[in-house]
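Asker: What follows is a predicted protein model with its sequence.
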Amino acid sequence: MIEWKGVFPAVTTPFTAGDELDLPMFEKNLEAQISAGVKGIIIGGSLGEASTLTTLEKQTLVKCAHEKIRGKVPVILNIAESSTKDALYHADLAREWKVQGLMLLPPMRYKTDERETIEYFKTIAHATSLPIMIYNNPVDYKIEVTPEMFEELKECQNITAVKESTRDVTNVTRMRNRFGDRYKILCGVDTIAMEELLLGADGWVAGLVNAFPKETVAIYELVKSGKIEEAAKIYRWFMPLLELDIHPKLVQYIKLAQAQTGLGTEFVRAPRLIVTGEERKRILQIIDVGIASLPL
């Protein structure tokens, strides 16, 4: 089973100028993440441009990750599908691909009600033995998984964690008060990660970690060892960069940061486009100032 503690990068999917997977760059980023001390790798999340990837591309990324990581940390596959049938298909593929865990979003496109959302999660959980982290992000995906819904999901023993992305830090305390350690809680929003870790979150599903792995892991480890002021110093430096994670163009911005730190390319898959003009200058200034004043 996955412990669901520590930093879990939602890794980007690097592309070449010809819109093919850039596996050498993917491996370079994985190596940097592992060296920094992350506790798992999440493939095919929103930041990984999952909605634009083919099934074969997902399989290729998983296989590449397994070969590079060699069991040092678990490989987790995100499932974000429009139908229960497709979600079940991908859960079965995850088992076939020897993935160690799943991150599971509510259904895409159709806004399910509470009953439908619970049934969707239960159906997938009952169809696999893999540990599941529910991705709770009502801001971007318009479906909130409430504590009352998590109460009903308790029967699914393999639903073991939540990626908490409601942007309401009180949810950490609310979930902990109600469920104790039944669900591991991982912050899914970079700009409130330290706050949620201080409130008892177990981990951090991070975005800017793709460009700054050492700094991200350092914040987590310092907080958990009680070195709050040391963590806060890095966190304050990091905040202008972390704010790139809560913009609709987070993929473009984080990939641009990766390109600047040498851990990725800025190529994105259409309909996304590389940022240009004044927008590019503004984002590059934030990134370059951060690089010039690295705390570690």
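Answerer: Nice, I can see it. Nothing here was measured: the structure is a model prediction, and the numbers come from that model. Numbering: from 1, shown residues only.
Asker: which regions of the chain lie under the pLDDT threshold?
Answerer: When the per-residue scores of the chain are filtered using pLDDT under 70, no range remains.
Asker: Kindly recompute the last result at 90.
Answerer: 1, 109 (pLDDT under 90).
Asker: Now do the strands in it.
Answerer: Secondary structure of the chain by DSSP state E: the strands cover 6-9, 41-43, 75-79, 101-104, 132-136, 159-164, 184-187, 203-206.
Asker: what distance separates the first one from the centre of its chain?
Answerer: What that stands for is strand 6-9. With Cα atoms, centre = their mean, to the nearest Å as the basis, strand 6-9 stands 8 Å off its chain's centre.
Asker: sorry, back to before: just so I know, which of the strands of the chain lies nearest N177?
Answerer: strand 184-187 (11.7 Å; Cβ to Cβ). For the C-beta atoms, the positions are set from N, CA and C on the backbone; glycine is no exception.
Asker: That closest one pairs with which strands, parallel or anti?
Answerer: Applying DSSP bridges, strand 184-187 is found paired with strand 159-164 (parallel), strand 203-206 (parallel).
Asker: Out of these, indicate the one that is most buried.
Answerer: strand 203-206 (a mean of 29; mean count of other Cβ atoms under 10 Å).
Asker: Put the alpha carbons of it into PDB.
Answerer: Output for strand 203-206, consisting of C-alpha atoms alone and laid out as PDB, is shown next (Å, rounded to 0.1, in the frame of the first residue of the first chain):
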ATOM      1  CA  GLY A 203       1.500  15.300   2.000                       C
ATOM      2  CA  TRP A 204       1.600  17.700  -0.900                       C
ATOM      3  CA  VAL A 205       0.600  16.900  -4.500                       C
ATOM      4  CA  ALA A 206       2.800  19.600  -6.000                       C
END
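Asker: what does that strand contact?
Answerer: With Cβ atoms under 8 Å, 6 or more residues apart in numbering as the test, strand 203-206 has contacts from 4-10, 39, 42, 103, 161, 163, 184-188, 190, 193, 196-197, 216, 220.
Asker: try stretch 250-261
Answerer: Taking contacts as Cβ under 8 Å, 6+ apart, the residues outside stretch 250-261 that touch it are 12, 14, 29, 46-47, 49, 207-208, 210-212, 241, 244-245, 247, 264-268, 272-275, 280, 283-284, 287-288, 291.
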